[in-house]
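**Q** Got a sequence here, can you model it:
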Amino acid sequence: MRYLGLVLILLGVIVLGVYYMGAFTSNGALLFAAILMVAGLIGHIVVNKLFQED
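**A** Here you go, the predicted structure:
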């Protein structure tokens, strides 16, 4: 659960890599990758604030 944000960011990077290789030709893949990466960044920040150990 703690690394869910990082996994989403990694999935976004993988989608961008697949797009770059030419498997997708629409902008939908770019939008999906952007959504994954933004959600991963926000999720990573929120989850780490919740599980922060002092």
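**Q** which parts of the longest helix seen in the chain are buried?
**A** Ranked by number of residues, the top helix in the chain under DSSP state H is helix 28-50. Of the residues in helix 28-50, 29, 32, 33, 36, 37, 39, 40, 43, 44, 47 count as buried by neighbour count, 16 or more other CB atoms under 10 Å. Every residue, glycine included, has its C-beta placed from N, CA and C.
**Q** what's that helix packed up against?
**A** Counting contacts by 3 or more CB pairs under 8 Å, 6 or more residues apart in numbering; DSSP states H and E, helix 28-50 packs against helix 4-21.
**Q** and the helix it packs on, average pLDDT?
**A** Summarised as a single mean, pLDDT over helix 4-21 is 94.
**Q** repeat for stretch 41-49
**A** 92.
**Q** any idea how far that stretch is from the chain center?
**A** 12 Å (CA atoms, centre = their mean, to the nearest Å).
**Q** thinking again about what came up before, now that we have the buried residues of helix 28-50, can you turn them into a markdown table and tack on distance to residue 18?
**A** Listed next are those as a markdown table, based on distance: CB to CB, whole Å:
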| residue | distance to residue 18 |
| --- | --- |
| 29 | 7 |
| 32 | 11 |
| 33 | 9 |
| 36 | 12 |
| 37 | 14 |
| 39 | 18 |
| 40 | 17 |
| 43 | 22 |
| 44 | 22 |
| 47 | 26 |
